[in-house]
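Enquirer: Give me coordinates for this.
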Amino acid sequence: MKILFIGGTGTISTAITKKLATTEHELYLLNRGNRNAELPEGVKFIIADINNEAEAAKALEGMSFDVVCDFIGFVPAQLERDFRLFNGKTKQFMYISSASAYAKPVKDYIITEGTALANPYWEYSRNKIACEDYLMKMYRENGFPVTIIRPSHTYCEREVPAGVHGRNGSWQIIKRMLEGKPILVQGDGTTLWTMTDSRDFADAFIGLMGNVHAIGEAYQITNDESLTWNQIYQAIANHLNVEYKPYYVATEFLCAVSPKEYDYAGGLLGDKSNTVVFDNSKVKRAVPGFAPSIRFEEGVARTLDYVLSHKECQKDDPEFDAWCDKVIETLENAKKAF
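Expert: Next up is the predicted model:
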């Protein structure tokens, strides 16, 4: 197949790019070229800014594809641009949405593709829903060959997945654990969550590419392993050979006292504070033989080893560190008041 990725070097897409590079498929990446040097030989590049439609249209002139995948579409205007660029020029258009779009608060902890889409807490999720709505409208009215993918907390080797973190990602959490300091955990750490290694995600995603059964459909792709947040952080602590020291804080309190930029109302109330278990039956029917095989304990060990050996992945966040200490101090002082 002749395939075009819009993006192709991110947390989710890099593993797919690397796996496809070992096949006979003809893979093109349309991006600005900032991280292409990290990719294997065989991948072809179209250097352009997709957000500059005229520039992208010129770079794509005369080209058509079997599959086009947009990994970096966040608002409907971007998908409207994609429709203008690729309508009639691809046999399948795959869009990366988000499992955070599923209705919150959760009515049933078992999540399927039929679960309602509504998230009053997170603008990011509402925008993803609007993007899905637009694409399905184009499918119904114009026959645009859409396939929608909903990942949930997919991670790669470059950053350890976490719940409560600051602007610079999760490194400061790892640093606190290495320093013997407590880390903030939303709720009591017992809600169930799912972490998906990007290599597992890639297997299912590739199986949906060029799949006639996938046109006009939505699929969630996650691991089948359900873990509590205590188990998630304990696995990290075990690999670091340190003690897991959780400091439990009500999610509503975290939302109330955190900097606006942390957006915990969205990322926690609208996502990670909820117990969810994903039913992957639909994607397994569409991709026979797909079975996620990388347990979190194994996947996060690879991530930790990579992060600890690559300084560019270690982004200190003194603001978040000080805020964590202040939250703990404030709550401990409140306890003393009684």
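
Enquirer: Show me how far stretch 3-17 is from its chain's centre.
Expert: With Cα atoms, centre = their mean, to the nearest Å as the basis, stretch 3-17 stands 12 Å off its chain's centre.

Enquirer: Stretch 240-250 too?
Expert: Centroid displacement of stretch 240-250 relative to its chain, using Cα atoms, centre = their mean, is 24 Å.

Enquirer: for it, what is the average pLDDT?
Expert: Across stretch 240-250, pLDDT averages out at 98.

Enquirer: Can you check the distance spanned by it, start to finish?
Expert: 26 Å (Cα to Cα, to the nearest Å).

Enquirer: Outside of that stretch itself, list whatever touches it.
Expert: With contacts defined as Cβ atoms under 8 Å, 6 or more residues apart in numbering, stretch 240-250 is touched by 164, 174, 177-178, 180-189, 230, 233-234, 236-237, 304, 327-328, 331. Every C-beta, even on glycine, is put in place using the N, C-alpha and C of the backbone.

Enquirer: same deal with stretch 180-190?
Expert: With contacts defined as Cβ under 8 Å, 6+ apart, stretch 180-190 is touched by 163-164, 173, 176-177, 228-230, 233, 242-243, 245-251, 254, 268, 272-273, 324-325, 327-328.

Enquirer: Sort out which of the residues you listed are buried, if you could.
Expert: Listed as buried from the contacts of stretch 180-190 are 163-164, 173, 176-177, 228-230, 233, 246-247, 249, 251, 254, 268, 272-273, 324, 327-328; burial here means 16 or more other Cβ atoms under 10 Å.

Enquirer: Please flag which of those sit within helices.
Expert: 173, 176, 177, 229, 230, 233, 251, 254, 324, 327, 328 (DSSP state H).

Enquirer: Residue 262 versus the first one, what's the distance?
Expert: Taking Cβ to Cβ, to the nearest Å as the measure, residue 173 and residue 262 are separated by 13 Å.

Enquirer: returning to that earlier point: farthest pair in the ones in helices among the buried ones among the contacts of stretch 180-190?
Expert: 177 and 251 (20.9 Å; Cβ to Cβ).

Enquirer: contacts for stretch 129-141?
Expert: When contacts are defined by Cβ under 8 Å, 6+ apart, stretch 129-141 is touched by residues 73-76, 78-80, 83, 87, 93, 95, 97, 101, 117-119, 144-146, 148, 215-216, 218.

Enquirer: Buried only: go through the contacts of stretch 240-250 for me.
Expert: Buried members of the contacts of stretch 240-250, counted by 16+ other Cβ under 10 Å: 164, 174, 177, 181-187, 189, 230, 233-234, 236-237, 304, 327-328.

Enquirer: how much space between residue 8 and residue 36?
Expert: Residue 8 is 8 Å from residue 36, by Cβ to Cβ.

Enquirer: list residues touching both of those two?
Expert: With Cβ under 8 Å, 6+ apart, residue 8 and residue 36 have common neighbours 29, 43.

Enquirer: the more surrounded of these two?
Expert: Looking at residue 8 and residue 36 with other Cβ atoms under 10 Å, you find the greater number of neighbours at residue 8, namely 26 against 15.

Enquirer: give me every residue that touches the more buried one.
Expert: Residues in contact with residue 8 (Cβ under 8 Å, 6+ apart) are 14, 16, 17, 29, 30, 31, 39, 43, 71.

Enquirer: So which of the residues you listed belong to strands?
Expert: Of these, the ones assigned to strands by DSSP state E are 29, 30, 31.

Enquirer: Please name the nearest non-neighbouring residue to residue 177.
Expert: By the measure of Cβ to Cβ, 6 or more residues apart in numbering, the closest residue to residue 177 outside its immediate chain neighbours is residue 242, 5.3 Å from it.

Enquirer: Give me the three-state assignment for that neighbour.
Expert: coil (DSSP: H, G, I helix; E, B strand; the rest coil).

Enquirer: Now do the helices in the protein.
Expert: Using DSSP H, the helices of the chain run over residues 13-20, 53-59, 76-86, 123-142, 171-178, 198-208, 229-240, 251-257, 264, 281-286, 296-308, 318-336.

Enquirer: got CSV for those, with distance to residue 153 too?
Expert: Shown next, in CSV, are those (distance: least, Cβ to Cβ, whole Å):
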stretch, distance to residue 153
helix 13-20, 15
helix 53-59, 30
helix 76-86, 23
helix 123-142, 13
helix 171-178, 15
helix 198-208, 11
helix 229-240, 10
helix 251-257, 16
helix 264, 15
helix 281-286, 16
helix 296-308, 10
helix 318-336, 19
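
Enquirer: between those, which one is nearest to residue 154?
Expert: Closest to residue 154 of the helices of the chain, according to Cβ to Cβ: helix 198-208, at 5.1 Å.

Enquirer: Identify all contacting residues around that closest one.
Expert: Helix 198-208 is contacted from outside by 11-12, 14-16, 18-20, 94, 147, 149, 151, 154-156, 214, 219, 221, 223, 283, 286-287, 289-290, 292-294, 299, using Cβ under 8 Å, 6+ apart.
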